[in-house]
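Asks: For reference, the sequence and a predicted model appear below.
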Amino acid sequence: MVLGEHKITFLDRGWFYKKNRSTEKLMGAMNLRRSLSALHAECEALIWAMECMKTLNFSDVVFATDCSQLVKMVSSPGEWPVFATHLEEFQRSKIFFPSFKIRHIPRTHNSVADKLARGARCSPSAMFYVDSMPPVWFHESTEHRS
């Protein structure tokens, strides 16, 4: 699952991976420079999640996002010329996945990626986090919302 949030100074991103019928899971959060738009942020978040999956050698992945425009964009890239650079990078990343799939999910089903992205937002500087265990601030943000 992927989430990219468009913010004034930094862009927070999060993703969550869970292997089918397994307890194996991985997650990532990142806080970097601002994007041109919210849709650019979503596209960059997807590309980052794809690159993380490639690095981990996970090629059988179904990507899910709560951004329906992102699904439309990567499904018909020719209709989105303003995103040409991002879509070229997406196409390069997509080659690694023999049967690439992306689907739209409701935002309520993207809560882990959302919490990871929002937690990364609290970082005062650029940060990357990829691990099988959630960061300390992930649990703290969950507890504060209860």
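Replies: Thanks, I have it.
Asks: Tell me the predicted confidence for Lys54.
Replies: You'll see Lys54 listed with a pLDDT of 92.
Asks: just checking, what packs against the host helix or strand of it?
Replies: Assigned by DSSP states H and E, Lys54 belongs to helix 38-55. Judged by 3 or more C-beta pairs under 8 Å, 6 or more residues apart in numbering; DSSP states H and E, helix 38-55 is in contact with strand 2-5, strand 10-18, strand 25-33, strand 62-65, helix 68-75, helix 84-94. In short, each C-beta sits where N, CA and C put it, glycine included.
Asks: switch to 7 Å and redo it
Replies: Packing partners of helix 38-55 (3 or more C-beta pairs under 7 Å, 6 or more residues apart in numbering; DSSP states H and E): strand 2-5, strand 10-18, strand 62-65, helix 68-75, helix 84-94.
Asks: among those, which gets the worst mean confidence?
Replies: strand 2-5 (a mean of 53).
Asks: hmm, back to that, got the angle for the helix holding Lys54 vs helix 68-75?
Replies: In terms of direction (axes from the mean of the first three to the mean of the last three C-alpha atoms, to 10 degrees), helix 38-55 departs from helix 68-75 by 60 degrees.
Asks: tell me which residues in helix 38-55 are buried?
Replies: 38-50, 52-53 (16 or more other C-beta atoms under 10 Å).
Asks: Need the winner for burial among the helices and strands packed on helix 38-55.
Replies: Neighbour counts (mean count of other C-beta atoms under 10 Å) averaged over each of the helices and strands packed on helix 38-55 peak at strand 2-5, with a mean of 26.
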